[in-house]
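Student: Coordinates only, no sequence provided:
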């Protein structure tokens, strides 16, 4: 009886353990049998060697181990490496050539395939940007301004295509650690693929999706900490910009927030003589009604120097975007997606929605919550 109990316990123990096991079977064409391959745990800031294997006669090698949640690994040979993202229980098959280590195939690991897709897409983008940079240097001082601008436009287009593909990847793979890689990819030492202010939302989105799923992952912990740090820095920068501009121009506080395209738009950077600073939200019916009422005035006076700078207090980008597009709001629309916690809302002491401030470029704020009739009167005096 005792032997049976021990045997059953051993089976259960082996079964639990095997669920966490992973294996890597690989081969490297063109490598000599005296070369070594190393398996490294890819940490947040450094990598540590877990195991090593000498290549067989046909360039074959193998590793196995146990993990309790998905982890990043680097397969390295000399100064070449490939990154894998392996889940517990996966049997991974890896193949490459010694002369082009990064051009590999991987099977049995969807996460590793995602990593490969991200890496190869970025490599192609970098190659295109390098070609344009070389072309720019060749033509510098010789080409016309129009030709240089065309090169710059191509450069921006390539960057934006890479960014768009990264955003699409993140949205479609929120529960994969591969999304963390997408967040932090760079096209060069100084520039991230995700470079717009609005891209902070993707850090928050991925962090919130992964923190409950893989709470023990060091990459997830680092992302969550980084998310909080980045959001604080962004809010502090927003406040500093506001206070700085208030010191320079006391007539009305600055607002500088990203629009739906992710580009920051400065309130004090507008050249229009009359500006309506309007606070609203997609969930607030009076705001929607107010926006619809403003359309006729905007169409009437916009070309004469009237602009509407509308700050959404939404916290959902999707709701904000849907409302702008559904009601076809033609003016400037920006948001920090922080609701009433937005520094812009605090600086202007917004308590209710809608809340409007009519600004004259030279005289500052000249009316608070003007009626449609009062707004028409002020515009006709200033612009007609």
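Tutor: The structure has been received and is ready for your questions. Just so you know, these numbers come straight off a predicted model, no measurement behind them. Numbers count the residues shown, from 1 in each chain.
Student: so what does whichever helix or strand residue 169 is part of touch, helix or strand wise?
Tutor: Assigned by DSSP states H and E, residue 169 belongs to helix 145-172. Under the contact criterion of 3 or more C-beta pairs under 8 Å, 6 or more residues apart in numbering; DSSP states H and E, helix 145-172 touches helix 110-139, helix 178-184, helix 200-210. Yep, even glycine has a C-beta here, placed from its N, CA and C like the rest.
Student: if you set the cut-off to 6 Å instead, what comes out?
Tutor: helix 110-139, helix 178-184 (3 or more C-beta pairs under 6 Å, 6 or more residues apart in numbering; DSSP states H and E).
Student: Just send these back as JSON lines, with mean pLDDT, distance to residue 254 and mean neighbour count too.
Tutor: Below are those laid out as JSON lines (pLDDT from 0 to 100; distance: least, C-beta to C-beta, whole Å; neighbours: other C-beta atoms under 10 Å):
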{"stretch": "helix 110-139", "mean pLDDT": "90", "distance to residue 254": "34", "mean neighbour count": "16"}
{"stretch": "helix 178-184", "mean pLDDT": "93", "distance to residue 254": "29", "mean neighbour count": "21"}
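Student: Make CSV from the ones you listed and add distance to residue 40 to it.
Tutor: Output for the helices and strands packed on helix 145-172, formatted as CSV (distance: least, C-beta to C-beta, whole Å):
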stretch, distance to residue 40
helix 110-139, 14
helix 178-184, 16
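Student: With residue 218 as the reference, name the closest of those.
Tutor: helix 178-184 (10.8 Å; C-beta to C-beta).
Student: which one of the helices and strands packed on helix 145-172 lies closest to residue 44?
Tutor: helix 178-184 (9.6 Å).
Student: Next secondary structure after the closest one?
Tutor: Scanning onward from helix 178-184 (DSSP H and E), the first element met is strand 186-188.
Student: Poorly predicted segments of the chain, please.
Tutor: 1-17, 140-141, 190, 230-251 (pLDDT under 70).
Student: Count the residues that sit near residue 334.
Tutor: Residue 334 has 23 neighbouring residues, counting by other C-beta atoms under 10 Å.
Student: That one contacts residue 259, doesn't it?
Tutor: Yes. In terms of C-beta atoms under 6 Å, residue 334 counts as a neighbour of residue 259; the distance is 5.1 Å.
Student: Where do the helices of this structure begin and end?
Tutor: In the chain, the helices defined using DSSP state H lie at 2-19, 110-139, 145-172, 178-184, 200-210, 218-248, 285-301, 317-326, 343-347, 372-383.
Student: And those helices: which comes nearest residue 50?
Tutor: The nearest among the helices of the chain, by C-beta to C-beta, is helix 218-248 at 14.6 Å.
Student: how far away is the nearest residue to residue 111 once chain neighbours are set aside from residue 134?
Tutor: Nearest residue to residue 111 in three dimensions, chain neighbours excluded: residue 85, at 3.4 Å (C-beta to C-beta, 6 or more residues apart in numbering). Distance, residue 85 to residue 134, by C-beta to C-beta, to the nearest Å: 34 Å.
Student: likewise residue 324?
Tutor: 41 Å.
Student: just residue 204 next, same as before
Tutor: Residue 204 sits 38 Å away from residue 134, taking C-beta to C-beta as the criterion.
Student: quick revisit: can you name the residues bridging to the residue nearest to residue 111?
Tutor: residue 72 (DSSP bridges).
Student: For it, give its distance to residue 113.
Tutor: 9 Å.
Student: what's the domain layout of the chain?
Tutor: Per the record, the chain has its domains at 17-108, 114-232, 269-383, by automatic domain parsing.
Student: Same list, those, but as JSON lines with distance to residue 252 please.
Tutor: Formatted as JSON lines, the domains of the chain follow (distance: least, C-beta to C-beta, whole Å):
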{"stretch": "domain 17-108", "distance to residue 252": "44"}
{"stretch": "domain 114-232", "distance to residue 252": "22"}
{"stretch": "domain 269-383", "distance to residue 252": "5"}
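Student: Residue 255: which of the ones you listed is closest?
Tutor: That would be domain 269-383 among these, by C-beta to C-beta, at 4.5 Å.
Student: which ones are touching residue 100?
Tutor: Residue 100 makes contact with no residue, according to C-beta atoms under 6 Å, 6 or more residues apart in numbering.
Student: Spell out for me which residue occupies the centre of this protein.
Tutor: For the chain, the residue nearest the mean C-alpha position is residue 199 (3.6 Å; C-alpha atoms, centre = their mean).
Student: so how far does stretch 79-91 reach from one end to the other?
Tutor: 25 Å (C-alpha to C-alpha, to the nearest Å).
Student: for stretch 271-284, same thing?
Tutor: End-to-end distance (C-alpha to C-alpha), stretch 271-284: 30 Å.
Student: mind listing what's buried in that stretch?
Tutor: By neighbour count on 16 or more other C-beta atoms under 10 Å, the buried set for stretch 271-284 is 272-282, 284.
Student: ok, the residues you listed vs residue 107, which is closest?
Tutor: residue 282 (45.4 Å).
Student: burial count for the nearest residue to residue 210 once chain neighbours are set aside?
Tutor: Excluding the flanking residues, the one nearest residue 210 by C-beta to C-beta, 6+ apart is residue 220, at 4.7 Å. Residue 220 sits with 22 neighbouring residues when counted by other C-beta under 10 Å.
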